[in-house]
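Q: what's the 3D shape of this:
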Amino acid sequence: MAIEPTTTENGLRLGDIEFIWARNSRDFFFSNSILIHDSQTTIVDPSSNFTYLEQLASRKVVQQVLNTHYHVDHRSLNHLFRNCQFICHEKDLAAILSFDNYLKYADSERNSDYVLWLKNIFSSLEILDGYVSILLKDEDLVPLKDHAVRALHIPGHTPGHLALFFEDIDLLYTSDIDLTPLGPWYANISSDIDEFLASIRRVKLFHAQYYATSHGGRIYDREQFLEKLEKFESAFEKRDTRLLEALHERPRDLKELSQIGIVFKSSQLSDPLKACFERQMVEKHLERFERQGKIYQENGIWRLA
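A: Sure, this is the predicted structure:
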């Protein structure tokens, strides 16, 4: 018989799996967390409700921390659980072990507003260089005693980005394939559009009764999830189309293309952080078009082939 979700003070619970919704999920350093009540109690992405997680850490009931990927909004409270065993995918290990590695994964411009923001966030939240006891690969079971949770490798957002399939409750957690109105986010050197699209296709074909993501406080049934996922995926094509239309009008350099408003609205690009994200994502589309033979670059100017 299917397990029905029940509302809790901090989110939702399905059986022994507790979803803790991010109280301030509009900010970049918050995401949903999952508490797996098990003989080997595990917290996934401790970055949601700071007060609740601090109380949880003080009770010392958590033995393991699983980070679905290395981004700051998925491990901003890792330090509360420093005596626990840490788990991640092997391809995100370097960026969790070292902040210097994180910056190398983030942006090629070493003094960009994005890099400066990261330095400030890591300092203000007291995020420490990590250590990891267990590395996961695709289809590995998370080391739990009472429940079956399978890791699915869905790269693109980051190289080691993980989804989790909770077999006991038939729920797929897709982490930052997050169905948000903005659409896919790949503003890191380590992000990859083609891998992201392949991961979305994999998730689309994965049948479960329930679905949840790292941002937004709800559980989806399959029909709701697929409807949202189609819209989320379509953002890639829309961004492609806008860029090609801009280049059809006239050749342009990266700076000009990054000011049009391909990903964010042009009115949002006065925010230096969003402007950095815009530049990186636009550049990824351009490099992908170049590989496909659709455009070429000459003296810093992009032109249609």
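Q: Please enumerate the strands of the stretch 101-250 of the chain.
A: Along the stretch 101-250 of the chain, counting by DSSP state E, counting those that start in this stretch, strands occupy 134-136, 149-153, 162-166, 171-173, 210-212, 220-221.
Q: Quick check: which of these is nearest to residue 36?
A: Of all those, the one in closest proximity to residue 36, counting by CB to CB, is strand 149-153 (6.8 Å). For the C-beta atoms, the positions are set from N, CA and C on the backbone; glycine is no exception.
Q: what angle do the closest one and strand 162-166 make?
A: Here strand 149-153 points in a direction 150 degrees away from that of strand 162-166 (axes from the mean of the first three to the mean of the last three CA atoms, to 10 degrees).
Q: what about strand 149-153, distance to the chain center?
A: The chain centroid and the centroid of strand 149-153 are separated by 15 Å, computed with CA atoms, centre = their mean, to the nearest Å.
Q: Which residues does it contact?
A: With contact meaning CB atoms under 8 Å, 6 or more residues apart in numbering, strand 149-153 is reached by 36, 89, 91, 136-142, 160-167, 172, 202, 206.
Q: cool, stretch 78-94 as well?
A: So stretch 78-94 is contacted by 42-43, 46, 53-54, 57, 60, 62-70, 96, 101, 105, 126-128, 130-137, 142-143, 151, 153, 155, 158-162 (CB under 8 Å, 6+ apart).
Q: Check the contacts of strand 149-153 for burial and list the buried ones.
A: 36, 89, 91, 136, 140, 142, 160-166, 172, 202, 206 (16 or more other CB atoms under 10 Å).
Q: Would you mind checking which of those is nearest to residue 294?
A: In terms of CB to CB, no member of these lies closer to residue 294 than residue 202, at 25.7 Å.
Q: Quick check: the closest one vs residue 302, distance?
A: Per CB to CB, to the nearest Å, residue 202 is found 31 Å from residue 302.
Q: returning to what we had before: of the contacts of stretch 78-94, keep whichever come out buried.
A: 42-43, 46, 53, 57, 62-70, 96, 101, 105, 127, 130, 132, 136, 142-143, 151, 153, 155, 158-162.
Q: what number of residues lie near the nearest residue in space to residue 21 that is not next to it in sequence?
A: In space, not counting the residues next to it along the chain, residue 21 is nearest to residue 217; the distance is 3.7 Å by CB to CB, 6 or more residues apart in numbering. Applying other CB atoms under 10 Å, we find 17 residues neighbouring residue 217.
Q: pretty sure residue 217 is touching residue 11, no?
A: Yes: using CB atoms under 8 Å as the test, residue 217 is close enough to residue 11 to be in contact (6.6 Å).
Q: Which neighbours do these two have in common?
A: Common neighbours of residue 217 and residue 11 (CB under 8 Å, 6+ apart) are 21, 32.
Q: what about residue 287, which SS state?
A: Of the three states, residue 287 takes helix under DSSP: H, G, I helix; E, B strand; the rest coil.
Q: Give me the neighbour count for it.
A: Neighbour number of residue 287 under other CB under 10 Å is 13.
Q: got it, and residue 20?
A: 26.
Q: so it bridges to which residues?
A: residue 11, residue 33 (DSSP bridges).
Q: For it, give me its contacts.
A: 10, 11, 32, 33, 34, 35, 48, 49, 52, 53.
Q: any idea how far the second one is from residue 59?
A: Computed as CB to CB, the residue 11 to residue 59 distance reads 18 Å.
Q: Then the last one?
A: Counting by CB to CB, the gap from residue 53 to residue 59 is 11 Å.
Q: which phi and psi does the spatially most central residue of the chain have?
A: Closest to where the C-alpha atoms of the chain average out (CA atoms, centre = their mean) is residue 176, at 3.3 Å. Per-residue torsions, residue 176: phi -90, psi 20 (degrees, to the nearest 10).
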